[in-house]
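Student: I'd like to go over a predicted model; first the sequence, then the structure.
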Amino acid sequence: MTRARAIVVVGALAFVVVVVIVGGGGCTLPGQPKGVSLEGQPSKVEDFAALYASSCAGCHGENGRGGAALGLDNVVYLAIADDQTLRRIIATGVAGTSMPAFAQSAGGGLTDRQVDVIARGIRTHWARAETLSETPPPYVGPDGEARRGAGVFATFCASCHGSDGSDGPKSRSIVDGSYLALVSAQSLRTLVIVGRPEIGQPDWRSDVPGRPLASQQIADVVAWLISHRQEFPGRPHARSR
Ligand code: HEC
Ligand code: HEC
């Protein structure tokens, strides 16, 4: 090998090393979701897994298994929430809570097509064919009455949440004003119907043997929970949601 040739070879090798180190070679920036790249033309991404991972997983958990917000990979949830409901909530969010609006028409970053991909994907990926032995109560309930709700709470909830909901053996307070200020009445109804198996919250079939909660009882216990918002001085939400 001539001297000049050796210099070229060494130079080429050094270049390869630099490319491997600088060009990534598998290294990702801290906090960057793995395996998801929305660089380039984010509005063209139409893959459910990529869209879910970048927009939803931070709150609803990886693969819909739940996190700060409920797991959407929940057979009961997908039995009571229809396509229109899913689509509407994803597009416009839930005002006054941390659920953002995603549609560009509502100030979010996703196209209508992407919103559709996510809404449809949740159902096609997660609604298992498993049949429920009983029909769950409807997504939207009747008006509730807080006074009756106190009785429902004592029967169905106090065993885990304490007699007044503030110091249960299995949970932090669920009558805390700052918690209730940030959740909608619908999300409480949803929770009581569909449960959150990932955190130990039973669904409407309840942990009282042979006594599933009826639609009206759920409306009443939600009204009772919501009535605690008023005990929070300076609560940010005057209207009921
Ligand atoms: C910053 C956190 C956050 C992100 C990100 C987020 N969500 Fe939510 N989501 C929430 C919270 C909190 C609620 C409950 C809101 C309430 O109180 O009604 C919620 C509620 C929902 C509901 C309604 C549940 C019901 O009661 O019917 C659906 C459906 C939903 N989210 C889907 C999604 C999807 C799909 C994405 C991604 C495109 C997403 N969310 C991103 C926090 C989030
Ligand atoms: C078998 C025990 C059990 C029963 C019965 C039960 N819960 Fe829970 N619940 C839990 C656990 C565990 C959590 C999670 C607590 C935590 O994260 O601090 C929870 C959480 C909650 C939350 C907060 C959810 C969230 O997303 O942060 C609410 C609201 C709630 N329960 C309402 C109820 C109501 C209303 C009833 C009665 C209809 C009820 N629960 C019955 C165990 C139970």
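Tutor: Nice, thanks for sending it over. Numbers count the residues shown, from 1 in each chain. Ligands and ions are numbered 1, 2, ... in the order given.

Student: Check the secondary structure at Glu198 for me.
Tutor: coil (DSSP: H, G, I helix; E, B strand; the rest coil).

Student: Quick check: the gap between the most centrally placed residue in the chain and Ala53.
Tutor: Most central in the chain under CA atoms, centre = their mean is His60, positioned 3.2 Å from the mean C-alpha point. To Ala53, His60 is 11 Å away according to CB to CB, to the nearest Å. For glycine as for every other residue, the C-beta is placed from the backbone atoms N, C-alpha and C.

Student: sorry, back to before: isn't the residue nearest to the centre of the chain right up against Leu70?
Tutor: Yes. Counting by CB atoms under 8 Å, His60 does reach Leu70; the two are 6.9 Å apart.

Student: circling back: report the separation between the residue nearest to the centre of the chain and ligand 1.
Tutor: According to CB to the nearest ligand atom, to the nearest Å, His60 and ligand 1 sit 5 Å apart.

Student: Just the pLDDT at that residue, thanks.
Tutor: pLDDT recorded at His60 is 98.

Student: What residues does it make contact with?
Tutor: His60 makes contacts with Gly66, Gly67, Ala69, Leu70, Gly71, Leu72, as judged by CB atoms under 8 Å, 6 or more residues apart in numbering.

Student: Which residue is the nearest non-sequential neighbour of the second one?
Tutor: Leaving aside its sequence neighbours, Gly67 sits nearest to Gly61 (CB to CB, 6 or more residues apart in numbering; 3.9 Å).

Student: mind checking how far stretch 128-135 is from the chain centre?
Tutor: On the basis of CA atoms, centre = their mean, to the nearest Å, stretch 128-135 sits 22 Å off its chain's mean C-alpha point.

Student: Equivalent analysis for stretch 223-230, please.
Tutor: Relative to its chain's centre, stretch 223-230 lies at 23 Å (CA atoms, centre = their mean).

Student: what helix or strand does the closest residue to Leu182 other than its chain neighbours sit in?
Tutor: Nearest non-adjacent residue to Leu182, counting by CB to CB, 6+ apart: Thr97, 5.7 Å away. Thr97 is part of no helix or strand when elements are defined by DSSP states H and E.

Student: Check Arg128 too.
Tutor: Per DSSP H and E, there is no helix or strand for Arg128.

Student: From the structure, what's the count of residues near it?
Tutor: Using other CB atoms under 10 Å, Arg128 is surrounded by 9 other residues.

Student: OK, contacts around it?
Tutor: Contacts of Arg128 by CB under 8 Å, 6+ apart are Val75.
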